[in-house]
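Student: I would like to see how this sequence folds:
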Amino acid sequence: MSTIPPAPAARRKDPARRERIARAAITVVAERGVEKLTHRAVAAAAGVPLGSTTYYFATLDDLLASALRQAAEDDVEHLQEWADRLERDCDLAIALTDLVLHYLGPALPQTVVEHQLYIASLHKPALRHVSQEWDTALAELFASYTDPSTGRALSVLFCGLLLQGVVRESVPGRDEIETIFRRVLGAGAKT
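Tutor: Predicted coordinates for the structure are as follows:
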């Protein structure tokens with residue numbers, strides 16, 4: 001009597017694999033830079049077979065776009081949590097100054113990698129729409145405390161201060177940052 005071998009066990013689904021790969025890409029960019037991102041390095045960082053990275057992301061641009069989108073989503077979520085903790089009548093200039101100093105202090109490694117991913121869109125047009133989505137989300141968040149024009153100005157100022165902060169030898173001082181925010185907020189205060 002012959003025995004039919006049992007069917008192979010079905011592979012477990014891994015619904016978080018795509019996100020895990022995107023997060024691993026962020027880690028690789030943080031450690032090596034955008035130019036050294038490879039499917040192999042990301043697979044190793046994510047703890048998945050190389051075929052998984054190429055299955056979900058056919059090209060490195062696809063992988064970078066996913067990493068940028070994940071970084072943007074994480075950042076917008078963090079900013080929304082920050083905004084949720086603010087009192088509606090808070091001193092917004094002080095709150096924004098504290099936020100900039102957080103990103104240039106304890107969160108500096110995260111800030112650096114986010115900027116590396118964002119700036120990659122200069123040379124990779126496929127990433128530009130993700131960068132623009134991030135810009136829009138940030139402007140809308142700040143506009144919820146001011147108005148659309150001032151929200152956009154605060155977004156540009158916020159990003160500019162962070163970019164300067166990651167490339168300068170010293171972080172701008174609290175007074176300098178607060179003064180700049182006060183000027184923008186004074187020019188666009190709601191009536």
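
Student: Every contact and neighbour count from this point should use C-alpha atoms.
Tutor: OK.

Student: the longest helix in this protein is where?
Tutor: For the chain, the longest helix by residue count, based on DSSP state H, is helix 60-85.

Student: Report the distance from that helix to the chain centre.
Tutor: What separates the centre of helix 60-85 from the centre of its chain is 4 Å, taken as Cα atoms, centre = their mean, to the nearest Å.

Student: and if you look at stretch 104-113?
Tutor: For stretch 104-113, the gap between its own C-alpha mean and the chain's C-alpha mean amounts to 11 Å (Cα atoms, centre = their mean).

Student: how about the helices in this protein?
Tutor: Assignment of helices within the chain using DSSP H yields the ranges 17-32, 39-46, 50-56, 60-85, 92-103, 108-119, 128-143, 148-167, 174-187.

Student: Using a markdown table, please lay out those together with mean neighbour count and mean pLDDT.
Tutor: Formatted as a markdown table, the entries for those read as follows, by neighbours: other Cα atoms under 10 Å; pLDDT from 0 to 100:
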| stretch | mean neighbour count | mean pLDDT |
| --- | --- | --- |
| helix 17-32 | 21 | 93 |
| helix 39-46 | 20 | 96 |
| helix 50-56 | 16 | 93 |
| helix 60-85 | 18 | 91 |
| helix 92-103 | 18 | 96 |
| helix 108-119 | 19 | 90 |
| helix 128-143 | 18 | 91 |
| helix 148-167 | 18 | 95 |
| helix 174-187 | 15 | 94 |
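
Student: list the contacts for the residue nearest to residue 45 when sequence neighbours are not counted?
Tutor: Distance criterion Cα to Cα, 6 or more residues apart in numbering; nearest residue to residue 45, sequence neighbours excluded, is residue 24 at 5.4 Å. Going by Cα atoms under 8 Å, 6 or more residues apart in numbering, residue 24 touches 42-43, 45-46.

Student: Looking at the residues you listed, which one is closest to residue 20?
Tutor: Each of these was scored against residue 20 by Cα to Cα, and residue 46 proved nearest at 6.1 Å.

Student: was I right about that closest one contacting residue 19?
Tutor: No - Residue 46 is not in contact with residue 19 according to Cα atoms under 8 Å; the separation is 9.6 Å.
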